[in-house]
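> Build me a model:
(chains A, B, C and D, ligands or ions: 2)
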Amino acid sequence: MTMSVMRDPAAAGRFGAFGGRFVPESLVPACEALEEAFREAWADPAFRGQLDMFRTVYAGRPTALTPAWNLSAELGITLLLKREDLAHTGSHKINNVLGQALLARRMGKTRLIAETGAGQHGVATATAAALFGLRATVYMGERDIERQALNVFRMTLLGAEVVPVTSGSRTLKDATNEALRQWVAAVEDTHFCLGSVAGPHPYPWMVREFQRVIGEEARRQCAAELSTGVPDVVVACVGGGSNAAGTFAGFVGTGARLVGVEAAGGAAMTHGTPGIVHGSRSMVLQDDEGQIAEAQSIAAGLDYPGIGPEHAQLGAAGRAEYQTVTDGEVLTAVRRLARAEGIICALESAHAVAWVLRAAGTDELPHGSTVLLTLSGRGDKDMIQLSDMAALTGGPA
Amino acid sequence: MTMSVMRDPAAAGRFGAFGGRFVPESLVPACEALEEAFREAWADPAFRGQLDMFRTVYAGRPTALTPAWNLSAELGITLLLKREDLAHTGSHKINNVLGQALLARRMGKTRLIAETGAGQHGVATATAAALFGLRATVYMGERDIERQALNVFRMTLLGAEVVPVTSGSRTLKDATNEALRQWVAAVEDTHFCLGSVAGPHPYPWMVREFQRVIGEEARRQCAAELSTGVPDVVVACVGGGSNAAGTFAGFVGTGARLVGVEAAGGAAMTHGTPGIVHGSRSMVLQDDEGQIAEAQSIAAGLDYPGIGPEHAQLGAAGRAEYQTVTDGEVLTAVRRLARAEGIICALESAHAVAWVLRAAGTDELPHGSTVLLTLSGRGDKDMIQLSDMAALTGGPA
Amino acid sequence: MSTLGATLRAAGRPLLIPYVTGGLTANWTDYLDACQDAGADAIEIGLPFSDPMLDGTTIQRASDRALARGATIGGILAGIEAASRRLSVPLIVMTYANLALRLGAPRLAAAGVRGLIVPDLPLEESAALEAAAAEAGIDLILLAAPSTPDDRLREIRRRSRGFVYAVSVMGTTGERDTLPATAVELVRRVKHHQPDPDGPERLPVLIGFGVSTPEQAAEAGRAGDGVIVASALMRRVLDGATPDDLRVAVAALRTALDLGVSSGTPYAEVSGDRR
Amino acid sequence: MSTLGATLRAAGRPLLIPYVTGGLTANWTDYLDACQDAGADAIEIGLPFSDPMLDGTTIQRASDRALARGATIGGILAGIEAASRRLSVPLIVMTYANLALRLGAPRLAAAGVRGLIVPDLPLEESAALEAAAAEAGIDLILLAAPSTPDDRLREIRRRSRGFVYAVSVMGTTGERDTLPATAVELVRRVKHHQPDPDGPERLPVLIGFGVSTPEQAAEAGRAGDGVIVASALMRRVLDGATPDDLRVAVAALRTALDLGVSSGTPYAEVSGDRR
Ligand SMILES: Cc1ncc(COP(=O)(O)O)c(C=O)c1O
Ligand SMILES: Cc1ncc(COP(=O)(O)O)c(C=O)c1O
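Numbers count the residues shown, from 1 in each chain, chains lettered A, B, ... in the order given. Ligands and ions are numbered 1, 2, ... in the order given. Okay, the predicted model is just below:
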């Protein structure tokens, strides 16, 4: 693998055999305009400076790098946590949204629409819309609305409209379809603020660039923290794959092993085949005829049958590997991290923790390894869901 | 007023006519030992360095100073928000708890007990206990347990035991009584991790010192942000008064006006008289015979009939002033801050915002004023309570 | 067999292409016969996809219902194959890229399919399928939208086969109260880019998305070369319309188109639409 | 009138001080009479406080109940005043600093109070009240705890008036199964600091907190100079015991103390305690 990975995918938006722009003709001009606007803004130091200012002064960046002192000792490894849970609104989603909202404003758009699964991206979008004086509509699957009621209320409080999506599996994938449909009808004044490294070009590239800050900060922080400078392994959970992409972007040029962790019930890399969904070609969970499967994960943010096209490329090229963990392992990981380190992470983020717990001390992750793990978000949003489950099983989580 | 305010209150723990150590003889040795240990640790650069490290690497300090761009424009003032909502666990409480937990470990204690109102201090205590391998028991009024169910679950997940307190008003004041009682019985191996600048000496002093970091950071940040260097007004909400005390400590030596904002239904400074509760003499809501009144506030963390003794002194000396806002103003403030700036703050913190909203443009806070406001915590914990209320009234919050 | 384009150009009247969701009912191919009987010039058959990004609620519901009752792409293709032997009008398949690229042009051709519409396969992504379709004798019909700039329109017109699908509106499929002004304007722009409006290269321009009533069909027929009608028909089938019922509705569209009548005529009653 | 200390020193037997929550029932002062009748050497009356930091659940409940039924400090003081005229044993008030400092020694003295216990007023905070109490002729009784170091014990012993209240255990008030070893040890330490064990300066040392049964009272009486019994009595009243019932219970304690009997004797039955 050369350094050419995780760079500009050029006009066609290709990541090897993946990516592209599979959208209705109605949306092509909007995607092109967005690509051009992003390319231009991203090359503009003033735009970057403004984004940096909001990241720092508003969103609380840089986020801390916390050694997991107790788990490290228990597991015989050195585990460092990149604390996106400390970012404003509680997850890495704000990084991307601040970038897109600034860009939307620069393009003269007055409204944001977004899809959301766990609600974190919806909350982040509603937040940026409030900050920049834009209107916001968030599409959310009916099932996710039930699972993430707190985030629904947060969005409403921030002044966004939350629209339940009742089609298909009533989760993230259907919310994404609906947002795309609505974008077609409103493309004039509306920016589609897509929440992960998925969708048509330029989204996978643009969102990865907006999330790159995670990896770049972590790279610097690891250099200060580790005698080796670079960790042996870099691990992050993968839904669409934005926190992982942003993290990997900081380390793809190093010798670090890159590990993405998917939900066992939403493991597009492990159980998927190449396909086209939501505007790009990537690995997809689908049946023999190409019907997209419904993912099944305890974590609404990972309940997604696809994955960003760049991950498909990284996987195909062997530069990153993709692992899966089960809902049960995830619940254990949430509890174990909470009790060992005093950090309650999001169910999504706990996937990365769960893999480390399983792999540590095996050939997968031998004793003495150094590991950077991106903790993509905090668990507050999951407390109702977990406490309902605890009530059922009679114990906390 | 001279610079001698907000310094070491010496062995008797006096702040003018207030403070002291009104505890059972059984606890006197423990308070003395704590005072001595704190005095010694606080003078030890190694202890301070260790605390700094945990604050930075674990708790996400320094927290951002965010200009409230939109509200400032609307109100005709310059409003800067000190973002304790971005600190790990979601409020300023972690500052104090990290200090006390480190101190407890240094003293060889193996267990923390704490009282909590909103649950933020309980969560912070449970967090530090998990991090430092201490056991934790948190006493919480039954009414607060209902209002703050999410925080109760968070504490349990962190491995703490949450004990409902059913006596008296079943809120923070009764939880504090219970924690003091339990401390008497367990003083050998247990540190009472008190959550505000209340209680017997050395707590008001020690907690203010552990919270001083808010004011010191804000002072530096304001110096960089404001042409005048120092804001005209410094404002913070006041329950026991720890976030306010920590904030004021950074500005008491400047010309800034210091404003503490109490809940109208828990306004010990405005409606109270001198009295003794929870181990110190201060301003207290009480009846003619000295029975302590039950406070009434929408914010569990401000639902407290007392206030830290140093505030009583600052108020008596005229160095700080204390204002009140109603529950209704607080709800409006939460919504307005959310919609204007994309920040959902805690109901407690919204008291400070509510005062600014009311005062801006009046003689109280003329156009052109510069204001530093400590946003003590984030609103996630309040979302169930607010959404239940919204369901009743048919609108968000 | 002549190409779809040749067949349509030979029709000599405003073109009518009704849409039927494949597999929607057990007897779904009977609706194809009804369409032909009522005067369709071609029939568009939707292969239901789990994630129909460009469809409005009616076609979404039709797709969901077809999949829910166990319809498979294989089964629907078998139905098409049988129908193509029986019917004289050309059959066109519309489906999304994930299904279309998987199936491939040869398999569609083998089922008797004469045209293919892939709404999420814009110019930049369609080259391979265009070539394969040409090879297999299938016309790959490209879509133009109101937002499409002139240079793209020219390219779409150049590369489209069979006809140009003019998407009437910035939006999804679905019934609308009136024919949007954007439809007429788009047709005007496409026609302006016809290299030789009367030459053999001339491609029909059909208006689709939201053509809901005979009046709207007549209006669209006057502006362009014909219409594609989907949601207005599938809503009826979802509500229980039989093949006979559908024949009446399609016939009303046929008549309106042929007469080029303006709105306000009794055809609304013929079509069963009493709004 | 002689001071409380002089009265107690003159008793010449193990001292028994039962506790009654002021205002607990409408007829609460009848319990005072019952205590005297049963042989109390003095009676401790609790002024209920909203925030009883050092009380266990029984006394908390008694305080809550008194306040809930509308008892006021003023009303209770009036009851004390009347009782002090009627009764010969000294009455001692126990309450928390917020109430005690508000009331002030003169007002208590005017109500006939002879001793005062303020559990949250340690040495460092008590000087002013000590002086005022002395002035008013009230003995301010100081508490010693198992955690109190020797130098503080000496100071407490020096400054306490009436007696020294030896808190039996690190904990709140409340019944316990056995008399804690810490109680005996604490009494031994206090006595060791008596300047002259037999001189006129000698202060009685009474054990309080958790003395629950006659057996425990007897044991405590052997170790020190007597006992204060609160929760065990107030539990009975909360459960419905009449003044007569209370007299029986106090009498059982009296007898046990006087005989200095060890545990396992029939006094448990006399006291109504059948655990
Ligand atoms: C906390 C958190 N982590 C991870 C994800 C998954 O998104 P991605 O894979 O794009 O990082 C989500 C999505 O909602 C999330 O909320
Ligand atoms: C967010 C928040 N702010 C303020 C307070 C009040 O505490 P203090 O007055 O000590 O700052 C609390 C107490 O729980 C709190 O949770």
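
> Would you map out the domains in chain A?
As given by automatic domain parsing, the domain ranges for chain A are A:14-54+A:92-203, A:62-91+A:212-393.

> Spatially central residue in chain A, please.
The centroid of chain A falls nearest to A:S242 when counting by CA atoms, centre = their mean (3.4 Å).

> got the contact list for the closest residue to that one other than its chain neighbours?
The shortest distance from A:S242 to any non-neighbouring residue, by CB to CB, 6 or more residues apart in numbering or on different chains, is to A:S196 (4.3 Å). (Glycine included, C-beta is placed from N, CA and C.) Applying CB atoms under 8 Å, 6 or more residues apart in numbering or on different chains to A:S196 gives the contacts A:H121, A:V207, A:G239, A:G240, A:G241, A:S242, A:G308.

> Mind picking the one among those that's closest to chain D?
The shortest approach to chain D among the contacts of A:S196 belongs to A:H121, at 47.4 Å (CB to the nearest CB).

> so the closest one, which of the three states?
helix (DSSP: H, G, I helix; E, B strand; the rest coil).

> need the contact list for the closest residue to it other than its chain neighbours.
Among residues not flanking A:H121 along the chain, A:G195 sits closest, at 3.3 Å (CB to CB, 6+ apart). A:G195 sits next to A:93, A:96-97, A:114-117, A:121-122, A:124-125, A:207, A:240, A:242 when contact means CB under 8 Å, 6+ apart.

> same thing but 7 Å
Counting by CB atoms under 7 Å, 6 or more residues apart in numbering or on different chains, A:G195 makes contact with A:K93, A:N96, A:A114, A:E115, A:T116, A:H121, A:G240.

> Quick check: the residue of chain C nearest chain B.
C:T57 (27.2 Å).

> in what helix or strand does the residue in the stretch 51-200 of chain A that chain C sits nearest to lie?
Nearest residue of the stretch 51-200 of chain A to chain C, counting by CB to the nearest CB: A:A185, 4.1 Å away. Element membership of A:A185, judged by DSSP states H and E, is helix A:172-186.

> Mind giving me the packing neighbours of that helix?
strand A:111-116, strand A:135-141, strand A:161-165, strand A:190-192 (3 or more CB pairs under 7 Å, 6 or more residues apart in numbering or on different chains; DSSP states H and E).

> could you dump it to CSV, C-alpha only?
Output of helix A:172-186 as CSV, limited to C-alpha atoms (Å, rounded to 0.1, in the frame of the first residue of the first chain):
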residue,chain,number,x,y,z
LEU,A,172,-30.7,4.6,9.3
LYS,A,173,-30.8,3.2,5.8
ASP,A,174,-34.3,4.3,5.2
ALA,A,175,-33.7,7.7,6.8
THR,A,176,-30.9,8.1,4.3
ASN,A,177,-33.2,7.3,1.4
GLU,A,178,-35.7,9.8,2.6
ALA,A,179,-33.2,12.5,3.1
LEU,A,180,-31.9,11.9,-0.5
ARG,A,181,-35.5,12.1,-1.8
GLN,A,182,-36.2,15.3,0.1
TRP,A,183,-32.9,16.8,-1.1
VAL,A,184,-34.1,16.3,-4.7
ALA,A,185,-37.1,18.5,-4.0
ALA,A,186,-35.3,21.2,-2.0
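
> And the contacts of that helix?
So helix A:172-186 is contacted by A:24, A:26-27, A:113-117, A:139-141, A:144, A:165, A:167-168, A:190, A:192, A:278, A:292, A:303-305, C:51, C:53-54, C:170-172 (CB under 7 Å, 6+ apart).

> Give me the distance between the residue in the stretch 251-397 of chain A that chain B sits nearest to and A:L79.
Nearest to chain B, among the residues of the stretch 251-397 of chain A, is A:G342, at 3.6 Å (CB to the nearest CB). From A:G342 across to A:L79, the span is 14 Å (CB to CB, to the nearest Å).

> Does C:L116 fall in a helix, a strand, or a coil region?
Quick answer, by three-state DSSP: C:L116 is strand.

> contacting residues around it?
Counting by CB under 7 Å, 6+ apart, C:L116 touches C:I92, C:V93, C:A100, C:L108, C:A133, C:I138, C:L140, C:I141.

> Verify the stated contact: the first one with C:A111.
No - under the contact definition of CB atoms under 7 Å, C:I92 does not touch C:A111, with a separation of 11.9 Å.

> who's more crowded, these two?
Neighbour tally, C:I92 and C:A111, criterion other CB atoms under 10 Å in any protein chain shown: the higher count belongs to C:I92, 25 against 20.
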